[in-house]
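1. fold the stuff below for me.
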Amino acid sequence: MSRLAVVCGGSGGIGRAVSRLLAENGCRVAVVSRSTDAARCTVASLPGADHGAFSCDISKEHEVHKTFETIQTTYGNISYLVNAAGINRDSLLLRTKAEDMVALLHTNLLGTVLTCRAALRSMMHTHGAAIVNIGSVVGLKGNVGQCVYSASKAALEGFTRSLAKEVASRNIKVNLLAPGFIRTDMTAGLKEAEVVRAIPLRRFGEPEDVAKAVLFLLESSYITGQVLVVDGGLQLAM
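-> Numbers count the residues shown, from 1 in each chain. From the prediction side, this is the model:
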């Protein structure tokens, strides 16, 4: 039977590209999204069969538990987990509302922690299981107006490295991918012509650029606890 891949945030720009590439490579894909319609739309666009759409707010423990229980009951043990769900609420710290801080930390950090925990028992029964968490180059370098977003993404590095140590004996690989400016809804409001001047490769990345890096990490048998930056060289200029 083909590998089962769970993609959280699987209907968004990066998550959708990841879902498609995994399906093209023969995986059965469980697309997890806050929006049932968005998840179903993504599943309908995937090549192959036996994919599934699931509605879940990953910041809520009971929803995560129920969703992953249903996925395992329906499709079997999980081989791959990709955490691509995330939000941004850019603002200078002095102007950031407490509720926005909580939303950022709960979705970007706690959500990933919860989904990893929910998937692990299933993954322990799968040969070559792997997790890829999606961080950000901002989490590594920082950025004005993104203090809380940066904190939520930076924390993923410590979490990923620690989890990699915890589950290595079970042969489960855990890595972090840190994208730069990728052409998605999250970057749609930016003035691209101005931003690309700071990027050595002089362009925004495409979701497919990130998806290929995710697939590389998932399929690599001897890489764990690492951070792979996919940013067109942006960190060199930050």
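2. so what's Gly111 closest to, chain neighbours aside?
-> Among residues not flanking Gly111 along the chain, Ile58 sits closest, at 3.5 Å (Cβ to Cβ, 6 or more residues apart in numbering). Using the backbone N, CA and C atoms, a C-beta is placed for each residue, glycine as well.
3. so the one you found sits against Leu109, correct?
-> No - applying Cβ atoms under 8 Å, one finds Ile58 not in contact with Leu109, separated by 10.6 Å.
4. if we look at stretch 83-98, which residues are touching it?
-> Stretch 83-98 is contacted from outside by 7-10, 12, 14-15, 18, 32-34, 58, 100, 103-104, 107-108, 111-112, 115-116, 131-134, 144-149, 153, 186, using Cβ atoms under 8 Å, 6 or more residues apart in numbering.
5. restricted to strands, list those residues.
-> 7-8, 32-33, 131-134 (DSSP state E).
6. now whichever helix in the chain runs longest: mean pLDDT?
-> When the chain is parsed with DSSP state H, its longest helix is helix 147-167. Per-residue pLDDT over helix 147-167 has a mean of 97.
7. ok, stretch 130-137 next?
-> pLDDT averaged over stretch 130-137 gives 97.
8. can I get it as PDB, trimmed to CA atoms?
-> Extracted in PDB, the C-alpha atoms of stretch 130-137 (Å, rounded to 0.1, in the frame of the first residue of the first chain):
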ATOM      1  CA  ALA A 130       9.300  11.600   8.600                       C
ATOM      2  CA  ILE A 131       8.000  15.000   9.700                       C
ATOM      3  CA  VAL A 132       8.700  18.300   8.100                       C
ATOM      4  CA  ASN A 133       7.700  21.500   9.900                       C
ATOM      5  CA  ILE A 134       7.500  24.700   8.000                       C
ATOM      6  CA  GLY A 135       9.200  27.600   9.700                       C
ATOM      7  CA  SER A 136      10.500  30.900   8.100                       C
ATOM      8  CA  VAL A 137      13.700  32.700   7.400                       C
END
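9. all further residue positions should be reported with the first residue as 273.
-> Understood, numbering begins at 273; the last thing we discussed is stretch 402-409.
10. run the chain-centre distance for it.
-> Relative to its chain's centre, stretch 402-409 lies at 5 Å (Cα atoms, centre = their mean, to the nearest Å).
11. could you do stretch 411-424 as well?
-> With Cα atoms, centre = their mean, you get 17 Å for stretch 411-424.
12. Glu429 contacts Leu448, correct?
-> Yes - counting by Cβ under 8 Å, Leu448 is a contact partner of Glu429 at 5.7 Å.
13. residue furthest from the geometric center of the chain?
-> Within the chain, Leu366 marks the point farthest from the mean C-alpha position, 28.4 Å out by Cα atoms, centre = their mean.
14. pLDDT at that residue, what is it?
-> 95.
15. quick check: it vs Arg475, distance?
-> 33 Å (Cβ to Cβ, to the nearest Å).
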